[in-house]
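K.L.:
Pasted the sequence and its predicted model underneath.
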Amino acid sequence: MKKKIVCTTCPNGCEIAAEYTSKDDFRIEGQRCKRGYEYSFNECFDPKRTFTASVTIKGAERKMLPLRSSAPVPKEKMTEIADEIKKITVDAPVSSRQIIIKDVLGTGVDLISSMTIDKIQEAAK
């Protein structure tokens, strides 16, 4: 199998041509640094992405809380993770990097908040 990949691990943005029949038979051309091989290998056999999204938050001036995965998650799980976060609403206050969903879908990766959001202080009556 042949695959063209643009490596994103460094500023070079190398255009890599990968050719493989199995994990043991994997060759690439076009990388300008040693990270290109590992990136290309993972992209062909176990692609992962950092998940980013927003979830509804109650009790805050903002209506949405941005969140992200604490580490890259398998690319094939992205849609399922998006479906999971549609089911939840978070209550303010929330701290930056607070775990919102632990071990999302058994991936070993947490979904964490991307910012601190304070609770609205109700006016004294």
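P.N.:
Everything's here; your move.

K.L.:
For this protein, which helix extends over the most residues?
P.N.:
For the chain, the helix reaching the highest residue count under DSSP state H is reported as helix 35-45.

K.L.:
ok, the helix or strand following that one: who's next to it in the sheet?
P.N.:
For helix 35-45, the succeeding helix or strand toward the C-terminus, using DSSP states H and E, is strand 48-49. Within its sheet, and counting by DSSP bridges, strand 48-49 is paired with strand 73-74 (antiparallel).

K.L.:
In the protein, where is pLDDT below threshold?
P.N.:
Scanning the chain for pLDDT under 70 picks out the ranges 123-125.

K.L.:
got a list of what Arg32 touches?
P.N.:
12, 14 (C-beta atoms under 8 Å, 6 or more residues apart in numbering). Heads up, the C-betas are built off the backbone N, CA and C, glycines and all.

K.L.:
wait, Tyr39 sits on Thr8?
P.N.:
Yes - counting by C-beta atoms under 8 Å, Tyr39 sits close enough to Thr8 to count as a contact (7.3 Å).

K.L.:
Comparing the two, which shows the higher neighbour count?
P.N.:
Tyr39 (20 against 12; other C-beta atoms under 10 Å).

K.L.:
That concludes my questions; thank you for your assistance.
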